[in-house]
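Undergrad: sequence and predicted structure, then a few things I'm wondering about:
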Amino acid sequence: MNVVTYRDLGVRRVVNGGGTYTILGGSLMSPEVIEAMDKAARHFVLIDELYDKAGRFLAEIIGSESAYVTSGAAAGLVLATAACITAKDVEKMKRLPSHLRHPKRGHRSEIAEECVVEASTSSRG
């Protein structure tokens with residue numbers, strides 16, 4: 001299979017003068033990260049075990065109580081919001097909206113299925 005590039009897709013490359021922004025693809029990966037991803041992509045693992053062990057590893061490195069790896073900033077914000085809504089209440093956690101408990105499948109959540117976030121008052125030139 002041929003590798004499809006941004007050029008093949010008609011996607012323009014841009015110069016990022018601002019920093020790490022999701023809209024610009026997040027960040028470039030270092031050779032060490034690419035090497036680690038290449039090695040990891042050669043094996044199957046239990047994903048729950050990977051999340052648990054990676055979280056423990058990162059928490060130890062950064063000196064925090066715990067850590068959790070997400071697929072990106074948006075996923076991290078969703079999890080942080082869910083944690084704020086439920087605190088340590090397991091019953092509230094069980095009532096969070098889930099694709100496994102979708103209303104169209106006969107389940108109904110008793111908590112809001114949306115979150116309103118106040119817009120920033122700062123502006124970008």
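TA: Cool, the structure landed.
Undergrad: helix or strand with the lowest mean pLDDT in this structure?
TA: In the chain, no helix or strand scores lower on mean pLDDT, DSSP states H and E than helix 73-86, which sits at a mean of 88.
Undergrad: and the next element down the chain from that helix?
TA: For helix 73-86, the following helix or strand on the C-terminal side (DSSP states H and E) is helix 90-94.
Undergrad: follow-up on the earlier one: show me what the least confident helix or strand of the chain is packed against.
TA: On a contact count with 3 or more C-beta pairs under 8 Å, 6 or more residues apart in numbering; DSSP states H and E, helix 73-86 meets helix 90-94. Bear in mind the C-beta positions are built from the backbone N, C-alpha and C, glycine included.
Undergrad: pLDDT (mean, whole number) over the helix it packs on?
TA: Average pLDDT, helix 90-94: 90.
Undergrad: repeat for stretch 13-29
TA: 86.
Undergrad: what's the end-to-end length of that stretch?
TA: End-to-end distance for stretch 13-29, by C-alpha to C-alpha, to the nearest Å: 16 Å.
Undergrad: tell me the contacts of residue 82?
TA: Residue 82 makes contact with 93, 96 under the criterion C-beta atoms under 8 Å, 6 or more residues apart in numbering.
Undergrad: can you list contacts of stretch 1-16?
TA: Against stretch 1-16 from outside (C-beta under 8 Å, 6+ apart): residue 24.
Undergrad: how far off centre is it?
TA: 24 Å (C-alpha atoms, centre = their mean, to the nearest Å).
Undergrad: the least confident helix or strand of the chain: which residues count as buried?
TA: residue 86 (16 or more other C-beta atoms under 10 Å).
Undergrad: what's the nearest residue to residue 66 if we skip its chain neighbours?
TA: Among residues not flanking residue 66 along the chain, residue 59 sits closest, at 5.1 Å (C-beta to C-beta, 6 or more residues apart in numbering).
Undergrad: my read is that the one you found contacts residue 67, right?
TA: Yes - counting by C-beta atoms under 8 Å, residue 59 touches residue 67, with 4.1 Å between them.
Undergrad: buried sites along stretch 35-48?
TA: Within stretch 35-48, no residue is scored as buried using 16+ other C-beta under 10 Å.
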